[in-house]
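Student: just the structure for this:
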Amino acid sequence: MSVLTLEPAQWLPALFGGALIGAAVALVALTHGRVTGISGMLGGLLPGADGAQRRWQLPFLLGLVGAPLLWVLLSGPVAMRLDASAGVLLLAGLLVGYGTRLGNGCTSGHGVCGTARLSRRSLAATGLFMGAGMAVVALARHGFGA
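Tutor: All right, here's what the predicted structure looks like:
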């Protein structure tokens, strides 16, 4: 199905969500001079991290968790389907965490903030993780997972 044939009710929430992400990233950059990378924020909550950063990072992270919960409360449950076992999901999470450490940032830091700043490192990182993601999907659908 083409994006052009979708009804506004199908794409409007994604557009609104993207605008909210952009506004949040811009607000953090303007008020704190920081890149909005979720892995960095989580690291900032660990013991020994800067307490001043914690004052804005914790509410931001709580909003990331709270917003979907609020959506479910206001609009009802969302249908979800997982096609992977708990073991595969655990392995995927560990690999994402490892890649985040290896790449000095996560998809939000590199993909949203870094590419907007035209950071060469972020452009390279985003290209690599998007390419790797596409390769894994192609292999899963047409290769070893078929």
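
Student: measure how buried Thr100 is and give me the count.
Tutor: Using other CB atoms under 10 Å, the number of residues around Thr100 comes to 21. To be clear about C-beta, it is placed using only N, CA and C from the backbone, and glycine gets the same treatment.

Student: no wait, Gly40
Tutor: 19.

Student: okay, Leu4: pLDDT?
Tutor: Predicted confidence (pLDDT) at Leu4: the value is 63.

Student: what segments of this structure are helices?
Tutor: Ranges of helices within the chain are 8-32, 38-44, 51-75, 86-102, 107, 115-116, 120-142, based on DSSP state H.

Student: most tightly surrounded among the ones you listed?
Tutor: Using mean count of other CB atoms under 10 Å, the stretch among the helices of the chain with the greatest mean number of neighbours is helix 107 (a mean of 20).

Student: residue ranges in the chain under the pLDDT threshold?
Tutor: Low-confidence segments of the chain, defined by pLDDT under 70, span residues 1-4, 51, 145-146.

Student: could you rerun that using 80?
Tutor: 1-6, 8-10, 43-44, 46, 48-55, 108, 143-146 (pLDDT under 80).

Student: give me the most central residue, it.
Tutor: The structure's the chain has its C-alpha centroid closest to Ser108; by CA atoms, centre = their mean the separation is 4.9 Å.

Student: how close does the closest residue in space to it that isn't next to it in sequence get to Trp71?
Tutor: Excluding its sequence neighbours, the residue lying closest to Ser108 (CB to CB, 6 or more residues apart in numbering) is Ile38, at 4.7 Å. Computed as CB to CB, to the nearest Å, the Ile38 to Trp71 distance reads 19 Å.

Student: same thing with Gly63?
Tutor: Distance, Gly63 to Trp71, by CB to CB: 12 Å.

Student: just Ile21 next, same as before
Tutor: 14 Å.
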